[in-house]
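>>> test case, fold it:
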Amino acid sequence: MLTGYSWPGCPASPSGPPAGALWTRPSGAEGAAALREVAGDRADLLAEAVGIMLGSADGKGPEYQARARAVAEQCRLAGADVEAIPGWIEAGQERRTDTRRPPPPGPSRLKPVVMDLSAFQAHGPRWA
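The predicted model follows:
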């Protein structure tokens, strides 16, 4: 997804700025230009970001909805494919619904991992 924040020298990052970086949130044309640079000519990627954010924001708190609207506006200014957004909104709503369902009954899908550590125990740590 093409959401995130930027800092000097890096147009966008979903994980936020590196430690010690000056943290800024792009606004208006600057943010749209950064998104255009990252997305290139892929208006469909921007539409996906908008739709997933808006669709998954339904039923959440006002701060989450405000963030989704801000992302949508930035992506719209950057040239998101507005005809593709409704389909991605549905996908975001489905993802939100799927995360609220309880897990299916039955045995866990995760299997315990059994490792043979005898080789490590016999020789001791390499740094010793």
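
>>> low-confidence ranges in the protein?
Flagging of the chain using pLDDT under 70 yields the residue ranges 1-27, 107-111, 118-128.

>>> all strands of it, in order?
Per DSSP state E, the chain carries strands over the ranges 5-7, 10-13.

>>> next, count neighbours for Val114.
Around Val114 there are 6 other residues, counting by other Cβ atoms under 10 Å. Backbone N, C-alpha and C define where each C-beta goes, glycine included.

>>> typed the wrong thing, it's Glu63
Glu63 has 9 neighbouring residues, counting by other Cβ under 10 Å.

>>> then Arg100?
Taking other Cβ under 10 Å as the criterion, the count of residues near Arg100 is 7.

>>> same check, this time on Glu90
Here the neighbour count serves as a burial measure; for Glu90 (other Cβ under 10 Å) it reads 12.

>>> try the one 3 residues further on
Burial of Gln93, expressed as a neighbour count using other Cβ under 10 Å, amounts to 18.

>>> for it, which non-adjacent residue is closest in space?
Of all residues not flanking Gln93 in the chain, Gly55 sits nearest, at 4.2 Å (Cβ to Cβ, 6 or more residues apart in numbering).

>>> can I assume the one you found is in contact with Gly92?
Yes: under the contact definition of Cβ atoms under 8 Å, Gly55 touches Gly92, with a separation of 2.1 Å.
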